[in-house]
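K.L.:
just to be clear, the model below is a prediction. Sequence and coordinates:
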Amino acid sequence: MHGCGNDYVYVNCMEKMLPQPGKISELVSHRRFGVGSDGLICICPSEKADFRMRMFNADASEGKMCGNGSRCVAKFVYDKGLTKKDTITLETLAGIKTIHMTVQNGKVTEAEVAMGKAETRTQLIPMQWDAETCINQGVTFTRPDGSTFQVQGTAVSMGNPHFVLFVDEVETAPVEEVGRIIETSPVFPEQVNVEFVQVIDANHVKFRVWERGSGETWACGTGACAVGYTVLTLGKAGKPGEFVKVEAKGGMLQVKVQPDGEIILKGPATTVFEGEMELPDNLD
């Protein structure tokens with residue numbers, strides 16, 4: 001399944017959890033020797049919500065939250081008859097999220113996720129930074145050869161850390177080169193997702209994202225929320241309480257920052273194919 005090209009392999013784990021899900025994620029994510037995906041998402045029972053999502057990146061690490069993934073989880077559980085409700089709660093490592101689904105002809109076509117409020121306190125992102133926040137500040141990073149460069153950016157967490165920076169042309173932005181350096185910089189002790197943003201007009205921005213643990217992906221739900229929050233905070237695009245179009249490489253997402261700070265993510269959820277895969281006896 002995918003949300004705007006941000007694709008994961010989804011597994012129904014309501015009866016039994018996968019063994020070594022991180023290693024399985026690394027296996028299935030390989031685009032030559034596996035299924036090909038940005039990671040693996042397990043749909044599990046929850047004692048706190050309707051369902052629980054565990055998501056794993058392509059490098060086997062476990063992530064805290066995935067906005068695109070949560071919409072696809074909602075589509076999965078509704079389309080598969082695991083729930084009859086068009087609004088569900090989903091337990092994640094970033095808290096419990098509420099998801100409202102749009103249903104057409106018995107299938108979910110898109111969903112809105114209440115993603116929570118943006119966190120900008122650097123200590124909680126976490127970020128090694130002297131000030132309490134890093135909003136549109138110059139941050140120095142070190143290249144592998146020891147030379148340094150400075151980037152003007154904003155650090156914000158949506159349950160996982162993001163660093164949002166602006167570029168003139170997103171299509172030609174050095175996403176891999178710069179994204180990899182920032183992702184692994186000691187400035188961000190738990191690594192970071194990096195968003196490269198181009199403002200198109202007052203209600204439309206484009207972005208590309210370098211995700212920690214996965215590299216460049218075609219979309220990122222929490223990244224879109226971080227972008228939506230940042231462009232509104234800096235007065236570059238959007239209005240409080242109204243959706244702003246946040247266009248990813250894989251398609252259009254919409255983000256709304258409510259007056260109370262709650263961020264709503266809206267976008268499609270698509271099932272591509274279903275199948276079975278044999279796992280090796282030894283996952284080591």
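P.N.:
Cool, the structure landed. Just so we're clear, the structure is a prediction, and the values are computed from it rather than from any experiment.
K.L.:
ranges for the helices of the protein?
P.N.:
Secondary structure of the chain (DSSP state H): helices at 21-29, 67-79, 175-183, 221-233.
K.L.:
would JSON lines of the ones you listed with mean pLDDT and mean neighbour count be doable?
P.N.:
In this view, the C-beta of every residue, glycine as well, is placed from N, C-alpha and C. What follows is the helices of the chain, written out as JSON lines (pLDDT from 0 to 100; neighbours: other CB atoms under 10 Å):
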{"stretch": "helix 21-29", "mean pLDDT": "96", "mean neighbour count": "22"}
{"stretch": "helix 67-79", "mean pLDDT": "97", "mean neighbour count": "27"}
{"stretch": "helix 175-183", "mean pLDDT": "98", "mean neighbour count": "18"}
{"stretch": "helix 221-233", "mean pLDDT": "97", "mean neighbour count": "28"}
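K.L.:
okay, the ones you listed in CSV with distance to Tyr10 next?
P.N.:
Shown next, in CSV, are these (distance: least, CB to CB, whole Å):
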stretch, distance to Tyr10
helix 21-29, 11
helix 67-79, 5
helix 175-183, 25
helix 221-233, 15
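K.L.:
quick one: closest of those helices to Met277.
P.N.:
Closest of the helices of the chain to Met277 is helix 21-29, at 6.7 Å (criterion: CB to CB).
K.L.:
may I have the closest one exported as CSV, CA atoms only?
P.N.:
Only the C-alpha atoms of helix 21-29 are listed here, as CSV (Å, rounded to 0.1, in the frame of the first residue of the first chain):
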residue,chain,number,x,y,z
PRO,A,21,10.0,-7.5,12.3
GLY,A,22,13.0,-5.2,11.9
LYS,A,23,15.0,-7.8,10.0
ILE,A,24,11.9,-8.7,8.0
SER,A,25,11.5,-5.1,7.1
GLU,A,26,15.0,-4.9,5.9
LEU,A,27,14.4,-8.0,3.8
VAL,A,28,11.1,-7.0,2.2
SER,A,29,12.1,-3.4,1.6
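K.L.:
now do it: everything it contacts.
P.N.:
Residues outside helix 21-29 that contact it (CB atoms under 8 Å, 6 or more residues apart in numbering): 9, 18, 33-40, 42, 54, 56-62, 214, 277, 279-280, 283-284.
K.L.:
again, only using 10 Å
P.N.:
For helix 21-29, the external contacting residues (CB atoms under 10 Å, 6 or more residues apart in numbering) are 7-9, 11, 13, 18, 20, 33-42, 54-63, 213-214, 277, 279-280, 283-284.
K.L.:
buried subset of those residues, written for PyMOL?
P.N.:
Buried subset of the contacts of helix 21-29, written as a PyMOL selection, criterion 16 or more other CB atoms under 10 Å:
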select buried, resi 7+8+9+11+13+18+34+35+37+38+39+40+41+42+54+55+56+57+58+60+61+63+213+214
